[in-house]
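K.L.:
predicted structure and sequence below. I'll ask about it afterward.
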Amino acid sequence: MSAPDQDSGRLQEFDTLAIPILAFIVNHEFAELQGADKVIENPGEFDGLHISKAWQSISFLLDQSGATVISESGTSLAAIPRQFIVDRPFLIVMKRRPVTAAI
């Protein structure tokens with residue numbers, strides 16, 4: 001039995017490599033980060049808000065030309081609802097805008 005040469009782990013020009021074409025898309029929603037019970041407490045513009053949706057999408061393709069990976073992610077913040085209550089007398093003023101001709 002002879003000792004393996006140092007290139008034995010590398011592909012040589014006479015070797016054959018057969019790999020199936022792989023293509024998949026994985027979508028994941030991070031439920032553990034979402035919800036009104038997980039309020040952002042860091043001081044700043046997001047203080048008091050919570051994440052209503054956090055997600056990631058990964059697209060993977062491996063074929064004869066190589067590999068391609070595309071990853072997208074996003075979050076949606078939910079604001080704390082505000083109340084606008086009109087409980088005093090008020091006045092509505094309406095002004096007609098001039099009608100412009102369509103081009």
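P.N.:
Structure received.

K.L.:
now residue 52: which helix or strand?
P.N.:
For residue 52, the element it lies in under DSSP states H and E is strand 50-63.

K.L.:
show me which positions of that strand end up buried.
P.N.:
For strand 50-63, burial by neighbour count (16 or more other CB atoms under 10 Å) applies to 50, 51, 54. The way it works is simple: take the backbone N, C-alpha and C, and place the C-beta from them, glycine included.

K.L.:
what's the closest of the residues you listed to residue 26?
P.N.:
Residue 26 lies nearest to residue 54 out of the buried residues of strand 50-63, by CB to CB, at 15.0 Å.

K.L.:
strands of this structure, residue ranges please.
P.N.:
Residue ranges of the strands in the chain, as given by DSSP state E, are 22-29, 50-63, 66-78.

K.L.:
and those strands as a markdown table, adding distance to residue 13 and mean pLDDT?
P.N.:
Formatted as a markdown table, the strands of the chain follow (distance: least, CB to CB, whole Å; pLDDT from 0 to 100):
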| stretch | distance to residue 13 | mean pLDDT |
| --- | --- | --- |
| strand 22-29 | 25 | 97 |
| strand 50-63 | 21 | 95 |
| strand 66-78 | 19 | 94 |
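
K.L.:
hang on, the earlier thing: between the buried residues of strand 50-63, which sits nearest residue 14?
P.N.:
The closest of these, once distances to residue 14 are taken by CB to CB, is residue 54, at 49.9 Å.

K.L.:
beta partners for that closest one?
P.N.:
Residue 54 has these beta-bridge partners by DSSP bridges: residue 75.

K.L.:
what does residue 50 give?
P.N.:
Judged by DSSP bridges, the bridge partners of residue 50 are residue 39, residue 78.

K.L.:
wait, doesn't it sit right on residue 38?
P.N.:
Yes: using CB atoms under 8 Å, residue 50 is in contact with residue 38, at 5.5 Å.

K.L.:
overlap of the contact sets of the two?
P.N.:
Counting by CB atoms under 8 Å, 6 or more residues apart in numbering, no residue touches both residue 50 and residue 38.
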